[in-house]
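Engineer: Sequence and predicted model, in that order:
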Amino acid sequence: MNNIFKYFILLIILSNCSLDTKSGIWTDKKELILEESDISQIFNNEELLNKEFNANLKIELKSKLINSGLVNNLRNNTGRINYDGVLKKISKFKFKKIKNFKNYEPELIFESDNLIFFDKKGSIIKFNSNSKKIWEKNYYKKNEIKLKPLLTLGKSSKILIVADNISKYYAINLKNGNLLWSKYNSSPFNSQIKVHNDKFFIIDFNNILRCISIKDGSELWNIKTSNTFIKSQKKLSIIIVKNILYFNNSAGDITAVDINNGSMLWQIPTQNSSIYEDTFLLKTSNIVANDEMIIFSNNRNEFYSIDVMTGSLKWKQNINSSVQPSIVNNLIFTITNEGYLTIIDGKTGNIIRITDVFHLIKKRKRNKIKPVGFVVAKENIYLTTDHGRLIVVDIKLGKTKSIIKIDNNKVSRPFILNKNLYIIKNDSIIKLD
């Protein structure tokens, strides 16, 4: 699909969507309001939301709690997790330091109480709950180890899928770490891995989505989207909803395909520029879905909600964020790149509340700090930053309760499993209760 045709489709979509009525500020009283507030529209359509709004509005969540943020990983939605820890360090899972960690978006793999990660040489390590190694395996040649491979992991019930940034992908037995098969792609990989039944899905640096058999690594089908001259360093994301697979590419396009045969159902562009430098600078959040909508945002002050079935634009807001949002019932939670917790009405796109969660950080430092990721839990939001901090934010009040130093450098987004919170550093995994 060429760019002119894509832009024509986007104009049709936009002309049929009333953005003026769906990009304002929420003005109706709902059950969420526990005290009176003076609510008025204070933002222009193109204004960057970098000030608080309805900061005194109290929000009480009554949604069902889930036990793990990994339960809905096919949709990238962590929801609201049953966790209310005291954040006391329990243990550290150590590995050889990953030097390129700053530009990497790591994912943890859990198997019962065990967890799986890798080190700077590409060695895959399985730890038990007491941070002891169960096994460690490396399937790279010496010349490949020198390239310092960064691994992306996914799993089925018994098999671990591994793909990397040097074009290699392989499968190993989860129980003992033995190699099942290994293959090479024509270009490096740059996306999440999603496993569905006997297949897994991944995107490479040429914006090609590939469907691969778990059994033997053979490619079943692929679908090509816009290829850009300059490759984005941001990891692309994939979701699966009711046998339809959705993914984004480095040009900002969202594509829906039939999960069985790879036929394209629809595709919409979100960017109207073909300038290579713009593509390189674009940083998009992971796409997230529920049964009705797909949501995502970027560092260009754009937050989208798209109909999950038709791909039509439901609403668009001016929110500058490249972290993965979270859907809790009808509420959407996100953190802007400037450090503001923003809560949105998922149906209308109207903003309910904005609070500054970076307010305890010194002014001379905060402009250099960016959020990495967050999870919504029982009473708090747990947010990590690229200067190694864990920020605890009260959901009801939207205020920062504490800031905990994990490291001086970038750490991963938080992961929660079995009432424990995990954060990945460049040389270890920190486990807190």
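Structural biologist: Perfect, thanks for sending it. Residues are numbered from 1 along each chain as shown.

Engineer: Could you list the low-pLDDT ranges of the stretch 101-250 of the chain?
Structural biologist: 228-233 (pLDDT under 70).

Engineer: Can you show me the strands along it?
Structural biologist: For the stretch 101-250 of the chain, strands defined by DSSP state E, counting those that start in this stretch occupy the ranges 109-111, 114-118, 124-127, 133-137, 151-155, 159-164, 168-173, 179-184, 194-196, 199-203, 208-213, 219-224, 238-241, 244-248.

Engineer: for Ile430, which residues make a bridge with it?
Structural biologist: Following DSSP bridges, Ile430 is listed with bridge partners Lys92, Ile423.

Engineer: Isn't it up against Lys88?
Structural biologist: No. Ile430 is not in contact with Lys88 according to C-beta atoms under 8 Å; the separation is 11.2 Å. Heads up, the C-betas are built off the backbone N, CA and C, glycines and all.

Engineer: So for these two, which residue has more residues nearby?
Structural biologist: Ile430 (20 against 7; other C-beta atoms under 10 Å).

Engineer: ok, now which ones touch that one?
Structural biologist: 89, 92, 406, 422-424 (C-beta atoms under 8 Å, 6 or more residues apart in numbering).

Engineer: try it again with 7 Å
Structural biologist: The contact partners of Ile430, taken as C-beta atoms under 7 Å, 6 or more residues apart in numbering, are 89, 92, 406, 422-423.

Engineer: Out of the residues you listed, which comes closest to Leu65?
Structural biologist: Within those, distances to Leu65 taken as C-beta to C-beta reach their minimum at Tyr422, with 18.4 Å.

Engineer: wait, doesn't that closest one sit right on Ser428?
Structural biologist: No. Checked against C-beta atoms under 7 Å, the pair Tyr422 and Ser428 is beyond contact range at 10.6 Å.

Engineer: circling back: out of the strands of the stretch 101-250 of the chain, flag the one nearest Arg300.
Structural biologist: Here strand 244-248 is closest among the strands of the stretch 101-250 of the chain (C-beta to C-beta), at 13.8 Å.

Engineer: Please name every helix or strand in contact with that closest one.
Structural biologist: For strand 244-248, the helices and strands in contact under the criterion 3 or more C-beta pairs under 7 Å, 6 or more residues apart in numbering; DSSP states H and E are strand 238-241, strand 254-258.

Engineer: just to revisit the earlier point, and which of the contacts of Ile430 is nearest to Leu70?
Structural biologist: Nearest to Leu70 among the contacts of Ile430, with distances taken as C-beta to C-beta, is Tyr422, at 10.6 Å.

Engineer: Can you lay out the strands of the stretch 101-250 of the chain as TSV showing distance to Gly311 and mean neighbour count?
Structural biologist: As requested, the strands of the stretch 101-250 of the chain are exported to TSV (distance: least, C-beta to C-beta, whole Å; neighbours: other C-beta atoms under 10 Å):
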stretch	distance to Gly311	mean neighbour count
strand 109-111	31	17
strand 114-118	35	21
strand 124-127	37	22
strand 133-137	42	15
strand 151-155	26	21
strand 159-164	27	24
strand 168-173	29	21
strand 179-184	33	14
strand 194-196	19	19
strand 199-203	18	23
strand 208-213	16	20
strand 219-224	15	14
strand 238-241	12	21
strand 244-248	9	23
